[in-house]
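In: Dropping the sequence and predicted coords here.
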Amino acid sequence: MTSSNKSAVDIAHVYRGTFVHSTDHTAVEILEDRLLGVDTEGKIAFIGSGQEVDSLSQKWGFEALAVTQLGQYEFFMPGMVDTHIHASQYSYAGTALDLPLLQWLNTYTFPVEACYKDLEFARNVYTHVVKRTLRNGTTTACYFATIHTDASLLLGQIANDFGQRALVGKVCMDTNNFVPHYRETPDESHDETNRFISEMLKKKYPLVMPVVTPRFALSCSAALLGHLGEIAKNNHLHIQSHISETKEEVKLVKELFPDYDSYTDVYHKHNLLTDKTVMAHGCHLTDEELKLFREKGASVAHCPNSNISLCSGMLDARRVLNHKVKLGLGTDVAGGYSPSMLDAVRRTLDTSKALTIQDPQYQTLTFEEVFRLATLGGSQALSLDEHTGNFQVGKDFDALRVNTAIAGGPIDLINHGEGPKVLLEKFLNLGDDRNIAEVYVAGKRVVPFVETT
Ligand SMILES: O=c1[nH]c(=O)c2nc[nH]c2[nH]1
Ligand SMILES: [Zn+2]
């Protein structure tokens, strides 16, 4: 910004105003009238008091006049982390919610996912899902694609092109008797997973990484699970799958894998339960299984919209937290009908309140805790908290500029004197993408989109 830079770091942008985020100790920490500097690498270089603008501008070498000042009803919050979303199911989001999980997969999901052999079909849906989730404030997404390697690589390319931080998984499944044209042989799944990983790593995307993705124990043979565990271990990769979503699924896993202690043990014994593993749902996990999660550092993606929409169960998030298992939120499109993490926040609160209706002694989650799950919690669940999740010096600047009073937006009334905590609560409960004026990932503004045509 100026040539009189006294620090070794070059500052690209400085913002002044209210910053709202979570820490390990505080679910919602409000930082009023702060200056936050972002360096040319997109990392948070400093956070200081707004009063210190002159001394900070000298120390860091930026022009005080170049500071971007937030408005009275605006704040920055960390970008949200969707820890579980099926990009390939976005084409039928909002429909097909009338069957339980296993029938739903056979009737709706597998026939649609089979279409991603067609790269133009894939390009259309994947472009829409990346744009929609970014607009909704999802700065990090952990995606399931389909079994098709080239289409899965295309999803990675699209996320990279739009500047979203993403884990992308080519789905692996060698067992599927209902839609036999949508499955792989164990060898194909193994070889294509290796190809997917090596081709994606070759791209050297700064923010997009491959994730090993066995669909779930019911669609993978033990041999395939073993291969995938080896691949993940040898390449230090993330792993994602589903676990204990419905009681019927748990019963079938027991029948199919009788020699294992539990559903969790099936993944564990195949090297698929690590500190880089995220398992969706977990509604019916036992205390012993949660202990194994904790021991291994594996995490749970809570997907409340999907759990209610498919009548799968209600995750007791408080129990997961009490076990000190890492917990994030997921939209689980399209079992969950909404691609918005704000919806995931609301459905998490609804589920917690439904559990409280059943047991008035239940310790309901607070909106502050759920805000943390949607941001810092998600980054921890994906083992990306070194890079994102809150406003800590050294982390990437992944942020939403929220304007609660945007003209034509969904929040009509802001009463005099309402502080940032109330504005955050209103945004979480009433807000939508109209309130998300700007989205930043690793310091780069990615919303509004830059039109290229
Ligand atoms: O919600 C879900 N969506 C899926 O696509 C899926 N596959 C296995 N288990 C699943 N659960
Ligand atoms: Zn899922």
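Out: Perfect, thanks for sending it. Numbers count the residues shown, from 1 in each chain. Ligands and ions are numbered 1, 2, ... in the order given.

In: Show the model's pLDDT score for S3.
Out: The confidence metric pLDDT takes the value 44 at S3.

In: Next: L153.
Out: Per-residue confidence for L153 comes out at a pLDDT of 99.

In: State the helix or strand in which it lies.
Out: Here L153, judged by DSSP states H and E, is contained in helix 149-162.

In: Give me the contact list for that helix.
Out: Counting contacts by C-beta atoms under 8 Å, 6 or more residues apart in numbering, the residues outside helix 149-162 that touch it are 87-88, 116-117, 119, 122-123, 126-127, 130-131, 134, 141, 143, 145-146, 165-166, 168-171, 192, 195-196, 199-200, 203, 205-208, 210, 446, 449. Any C-beta I mention is one placed from the backbone N, CA and C, and that applies to glycine too.

In: rerun at 6 Å
Out: The contact list for helix 149-162 (C-beta atoms under 6 Å, 6 or more residues apart in numbering) reads 87, 116, 119, 122, 126-127, 130, 145, 166, 168, 170, 192, 195-196, 199-200, 205, 208.

In: need the residues of this structure near ligand 1, please.
Out: Contact residues (C-beta under 6 Å from any ligand atom) of the chain with ligand 1: H86, L101, L105, T109, R215, F216, H242, E245, S306, D332, G335.

In: Please name the residues that touch E289.
Out: With contacts taken as C-beta under 6 Å, 6+ apart, E289 has the following neighbours: S262, T264.

In: In what element of secondary structure is it found?
Out: For E289, the element it lies in under DSSP H and E is helix 287-296.

In: and that helix, which residues are buried?
Out: Using 16 or more other C-beta atoms under 10 Å as the burial criterion, the residues of helix 287-296 that qualify are E289, L290, L292, F293, K296.

In: Same list (these) but as JSON lines, adding distance to ligand 2 and pLDDT.
Out: Listed next are the buried residues of helix 287-296 as JSON lines, based on distance: C-beta to the ion, whole Å; pLDDT from 0 to 100:
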{"residue": "E289", "distance to ligand 2": "18", "pLDDT": "99"}
{"residue": "L290", "distance to ligand 2": "19", "pLDDT": "99"}
{"residue": "L292", "distance to ligand 2": "21", "pLDDT": "99"}
{"residue": "F293", "distance to ligand 2": "17", "pLDDT": "99"}
{"residue": "K296", "distance to ligand 2": "21", "pLDDT": "98"}
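
In: from these, which is closest to ligand 1?
Out: Relative to ligand 1, the closest of the buried residues of helix 287-296 is E289; by C-beta to the nearest ligand atom it sits at 16.9 Å.

In: ok, that closest one to V439 distance?
Out: 36 Å (C-beta to C-beta, to the nearest Å).

In: For the residue nearest in space to the middle of the chain, list the residues it contacts.
Out: To find the centre residue of the chain, average its C-alpha atoms and take the closest one (C-alpha atoms, centre = their mean): that gives D82, at 1.9 Å. For D82, the set of contacting residues under the criterion of C-beta under 6 Å, 6+ apart consists of T138, A141, G330, T331, M341.

In: Return the set of residues that bridge with the residue lying closest to the last one once chain neighbours are set aside.
Out: In this structure, M341 finds its nearest non-sequential neighbour in M80, 3.9 Å apart by C-beta to C-beta, 6 or more residues apart in numbering. On the basis of DSSP bridges, M80 takes part in beta bridges with T138.

In: Just the pLDDT for A8.
Out: For A8, the model assigns a pLDDT of 80.

In: Name the SS class of it, please.
Out: For A8, the assignment made with DSSP: H, G, I helix; E, B strand; the rest coil gives coil.

In: I'd like to know how far it sits from ligand 1.
Out: Remark: distance between A8 and ligand 1 (C-beta to the nearest ligand atom, to the nearest Å) = 48 Å.

In: Could you do H416 as well?
Out: According to C-beta to the nearest ligand atom, H416 stands 45 Å off from ligand 1.

In: swap in V446?
Out: Relative to ligand 1, and taking C-beta to the nearest ligand atom, V446 is found at 27 Å.

In: For the nearest residue to that residue once chain neighbours are set aside, give me its contacts.
Out: Taking C-beta to C-beta, 6+ apart, and ignoring the residues beside it in sequence, V446 has G163 as its nearest neighbour in space, at 3.9 Å. The neighbours of G163, taking C-beta under 6 Å, 6+ apart as the test, are V441, K444, V446.

In: Which SSE is immediately downstream of the helix holding L153?
Out: Towards the C-terminus, the helix or strand next in line after helix 149-162, according to DSSP H and E, is strand 165-169.

In: Report the secondary structure state of the spatially closest residue to L56 that is not a sequence neighbour.
Out: For L56, the nearest residue in space outside its immediate sequence neighbours is G48; the separation is 4.9 Å by C-beta to C-beta, 6+ apart. G48 falls in the strand class when you classify it by three-state DSSP.
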